[in-house]
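A.B. asks: Need a 3D model of the following:
(chains A and B)
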Number of protein chains: 2
Amino acid sequence: MITVVKADGSREPFQRKKVFRTCLRICGSSAVAEAVSREVEARVYDGISTKEILQMVFELAAKHRPAIAHRTDLRMALSLLRSKPDFEGFIARLFEKLGYRVRRNLIIQGFCIEHEIDVLAFKGGEVVYVEVKHHVQPHRYVDLDVVEKIWATLLDLREGYEKGLHGFDISKPLVATNTKLTWHASKYARCRGVDIMCWNIPRGRSLEELLVRFKMYPVTILKGFNLETLYKVIDMGYMTLKELAEANPEGLSEKGLPGKTAKLLVEHAGKVLDAMP
Amino acid sequence: MITVVKADGSREPFQRKKVFRTCLRICGSSAVAEAVSREVEARVYDGISTKEILQMVFELAAKHRPAIAHRTDLRMALSLLRSKPDFEGFIARLFEKLGYRVRRNLIIQGFCIEHEIDVLAFKGGEVVYVEVKHHVQPHRYVDLDVVEKIWATLLDLREGYEKGLHGFDISKPLVATNTKLTWHASKYARCRGVDIMCWNIPRGRSLEELLVRFKMYPVTILKGFNLETLYKVIDMGYMTLKELAEANPEGLSEKGLPGKTAKLLVEHAGKVLDAMP
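C.D. replies: Numbering: from 1, shown residues only, chains lettered A, B, ... in the order given. Modelled structure (predicted):
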């Protein structure tokens, strides 16, 4: 039996179905996913890492959809964002897409102390206190202490509201992260009613699914440019592939990017966006 | 005016009184502290770091009390302990000195989840939940999130107790650390009734004062031995200077230390202990 070594060092049997699903998420075509997963199955060896498999999927998929050669995977792209302000801003914009009005970087007086709140999201009478947790290492999980901290902050904010120290009647807390939660953290969050928006949870409204639904792909998904360049692009106001694809290359080069790079960036952003599922 | 650069980069005017107090804590003699602080005053220059001043104090004090040449300062010694199990064990023993019965490394079922508790300390009807936070960097402060985590854990443990999930009727939580708390963390701790045992707080029962009162000096206070050797000594069961000073050098070398090192360790431990204030 061929076993695969996962990022956390654990092993599991190779399953072609998983490769199929991964490839489907990357290229959006069942036919391509079928072909690629069969090719991968023929190539894997015992002890191969999931990372190697992912690389293989990208390489093979790019033969069917050339634009895929210009992109990395979405999870990696999110981890490459700068925690502040990029990822925080990204989450804030996601809440806007979900129909919320958003306020960022608030200092709110709780009962005991002032709290720095990353994002507050408002819709109807609902007020969501969003704690944004970005991990540069995409396989680092959000642990219990983060969720406990959120819960303690919520209690202090609610007490502060009751004492008239601020005007935000918070309905619920939510932890938003580009990675996953540990089992302990998830269990505690469910028990306390702390909502989770993480890479793969909750089903149907996970970060990955929402980003795909809204086609909100960060420009860090582009391959072949150095990070410094991509951060410059973000600082110029082009956070997503769509924004970059619609940008004027001349505008970018006026703002300080070499003309050729600017042209390539816009071109690749368009191609990659078109090839997204 | 001569200004001194502190560990956090801030500056303050040089004050001989402070040097006097530092030296008094190191050597226990007003006469020596007076002489040393005057010498330091004559030597300092604008922009000198507190670290350099501390080194100067040690060097000058060693001229009066030669044993001081064999030791570092207590704060550094604590930071050199391994977080687990050394520092945790050290705190547990301190609670025993304070008359508590102690249980360590418990898994306790709270209302939502199981919690790993570093130390529970019992005296009379009192049950203290002690969260131990060790920093290798002696100038790194314990921040708000740690105290919020303690508070959330306490609430979960108390709810668990009320539901009959465990039998510990916790009276209060306490954070024990070898460093200090940020202003925010202290304010929140006071507000929520989380007790603090840190390097300099609370006055009269700070970690430093308690260790001096009980003459509980970790062997990592010894200078001139590498850390590996000192950790071996701790693993052999000699955590404090007193224990090491009373040890049989032959016993140490039987357990694997070179004979000469063992002899020196015991000798220096005795000398340094005698010269402690």
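A.B. asks: Determine the number of other residues adjacent to A:Cys191.
C.D. replies: Here the count is done by other CB atoms under 10 Å in any protein chain shown, and A:Cys191 has 16 residues near it. All C-beta atoms are positioned from the backbone trio N, CA, C, and that covers glycine.
A.B. asks: Pull out the buried residues from the helix or strand containing it.
C.D. replies: When elements are defined using DSSP states H and E, A:Cys191 is found to belong to helix A:183-192. When burial is assessed from 16 or more other CB atoms under 10 Å in any protein chain shown, helix A:183-192 yields the following buried residues: A:His184, A:Ala185, A:Ser186, A:Lys187, A:Tyr188, A:Ala189, A:Cys191, A:Arg192.
A.B. asks: next one: that helix to chain centre, how far?
C.D. replies: Helix A:183-192 sits 21 Å away from the centroid of its parent chain (CA atoms, centre = their mean, to the nearest Å).
A.B. asks: Would you mind pulling up the elements that that helix packs against?
C.D. replies: Under the contact definition 3 or more CB pairs under 8 Å, 6 or more residues apart in numbering or on different chains; DSSP states H and E, helix A:183-192 sits against helix A:144-162, strand A:195-197.
A.B. asks: Looking at these, which is nearest to B:Thr3?
C.D. replies: Comparing the helices and strands packed on helix A:183-192 by their distance to B:Thr3 (CB to CB), the top pick is helix A:144-162, with 37.0 Å.
A.B. asks: any idea which of the helices and strands packed on helix A:183-192 is most buried?
C.D. replies: Burial among the helices and strands packed on helix A:183-192, expressed as mean neighbours by mean count of other CB atoms under 10 Å in any protein chain shown, is greatest for helix A:144-162, which shows a mean of 22.
A.B. asks: quick one: contacts of it?
C.D. replies: Helix A:144-162 is contacted by residues A:108-113, A:115, A:117, A:129, A:131, A:133, A:166-170, A:173, A:175, A:181-182, A:184-185, A:188-189, A:192, A:194, B:113, B:145-146, B:148-149, B:151-153, B:155-156, B:188 when judged by CB atoms under 8 Å, 6 or more residues apart in numbering or on different chains.
A.B. asks: Chain B contacts on chain A?
C.D. replies: Contact residues of chain A with respect to chain B, defined by CB under 8 Å from any CB of the partner chain, are listed as A:111-114, A:144-146, A:148-149, A:151-153, A:155-156, A:184, A:187-188, A:191-192.
A.B. asks: The same query, at a cut-off of 7 Å, please.
C.D. replies: Within chain A, the residues that sit near chain B (CB under 7 Å from any CB of the partner chain) are A:112-113, A:145, A:148-149, A:151-153, A:184, A:187-188, A:191-192.
A.B. asks: would you list those in TSV and tack on pLDDT?
C.D. replies: As requested, those are exported to TSV (pLDDT from 0 to 100):
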residue	pLDDT
A:Cys112	97
A:Ile113	97
A:Asp145	95
A:Glu148	97
A:Lys149	97
A:Trp151	97
A:Ala152	97
A:Thr153	97
A:His184	94
A:Lys187	96
A:Tyr188	97
A:Cys191	97
A:Arg192	96
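A.B. asks: In the stretch 1-150 of chain A, mark out all the helices, start to finish.
C.D. replies: Using DSSP state H, counting those that start in this stretch, the helices of the stretch 1-150 of chain A run over residues A:16-27, A:30-43, A:50-64, A:74-80, A:88-97, A:144-162.
A.B. asks: Dump those into a markdown table; add distance to A:Gly224 as well.
C.D. replies: Output for the helices of the stretch 1-150 of chain A, formatted as a markdown table (distance: least, CB to CB, whole Å):
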| stretch | distance to A:Gly224 |
| --- | --- |
| helix A:16-27 | 17 |
| helix A:30-43 | 21 |
| helix A:50-64 | 12 |
| helix A:74-80 | 13 |
| helix A:88-97 | 22 |
| helix A:144-162 | 34 |
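A.B. asks: Tell me the confidence at the residue lying closest to A:Gly193 once chain neighbours are set aside?
C.D. replies: Taking CB to CB, 6 or more residues apart in numbering or on different chains, and ignoring the residues beside it in sequence, A:Gly193 has A:Lys172 as its nearest neighbour in space, at 6.4 Å. Residue-level confidence at A:Lys172 comes out at 95, pLDDT.
A.B. asks: Do I have it right that A:Lys172 meets A:Asp195?
C.D. replies: Yes: with contact defined as CB atoms under 7 Å, A:Lys172 counts as touching A:Asp195 (5.9 Å).
A.B. asks: Contact partners for the residue nearest to A:Gly193?
C.D. replies: Residues near A:Lys172 by CB atoms under 7 Å, 6 or more residues apart in numbering or on different chains: A:Val128, A:Gly193, A:Asp195.
A.B. asks: Distance of it relative to A:Glu254?
C.D. replies: For A:Lys172, the distance to A:Glu254 equals 44 Å [CB to CB, to the nearest Å].
A.B. asks: for A:Glu59, same thing?
C.D. replies: Counting by CB to CB, the gap from A:Glu59 to A:Glu254 is 36 Å.
A.B. asks: just A:Thr229 next, same as before
C.D. replies: On the measure of CB to CB, A:Thr229 and A:Glu254 end up 16 Å apart.
A.B. asks: Tell me which of those two has more neighbours.
C.D. replies: Taking neighbours as other CB under 10 Å, A:Thr229 and A:Glu254 compare with A:Thr229 leading, 18 against 12.
A.B. asks: Quick one: residues contacting that one.
C.D. replies: Going by CB under 7 Å, 6+ apart, A:Thr229 touches A:Leu257, A:Thr261.
A.B. asks: What pairs with whichever helix or strand A:Leu174 is part of, parallel or antiparallel?
C.D. replies: For A:Leu174, the host element (DSSP H and E) is strand A:172-177. Looking at strand A:172-177 with DSSP bridges, its paired strands and their directions are strand A:126-133 (parallel), strand A:195-197 (parallel).
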